[in-house]
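Engineer: model the following, please.
(one chain, ligands or ions: 1)
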Amino acid sequence: MKLYYYCSSCQKENNFTTTATNRFELQKERGNFINERCKKCGTVVKRRINRVHAKPNKWLLVLGMLLGFVCTVFFILFVPLLGVIVINSAIFSVPFIIWRQQDKKASAFNKVMVSDG
Ligand SMILES: [Zn+2]
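Structural biologist: Now for the predicted structure:
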């Protein structure tokens, strides 16, 4: 999953990818601190595990919606209106379901803190 932290120097949000799904796993993987170079200003940022947060990928939702609109235009041309409505509600619900799952995962990550001495 993708995790986010703020640069201590320029306050911009940075992210990194990890296989950890909670802070305990992240702590095992990285130790008590995240040491990453800020992608915006180049400062090496040291952040406590508890200061790192997860959030759902909004691009998934945007991409899903876009794909939905493209499909809608296509279906309107070839499928009767009732069919379009049925197909569309199915198409549009998929990105929302995926996004909700991601949102659940992210809030589960954010809820649990580790003791880092
Ligand atoms: Zn920075």
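
Engineer: for the least confident helix or strand in the chain by mean pLDDT, list every residue counted as buried.
Structural biologist: Ranking every helix and strand in the chain by mean pLDDT, DSSP states H and E puts helix 58-78 at the bottom, with a mean of 87. Buried residues in helix 58-78, counted by 16 or more other C-beta atoms under 10 Å: 61, 64, 68, 71, 72, 75. No exception for glycine: its C-beta is placed from N, CA and C like everyone else's.

Engineer: same question for stretch 104-113.
Structural biologist: For stretch 104-113, a neighbour-count test (16+ other C-beta under 10 Å) marks 105, 106, 109 as buried.

Engineer: can you list contacts of it?
Structural biologist: 1, 3, 21, 22, 23, 24, 50, 53, 54, 55, 56 (C-beta atoms under 8 Å, 6 or more residues apart in numbering).
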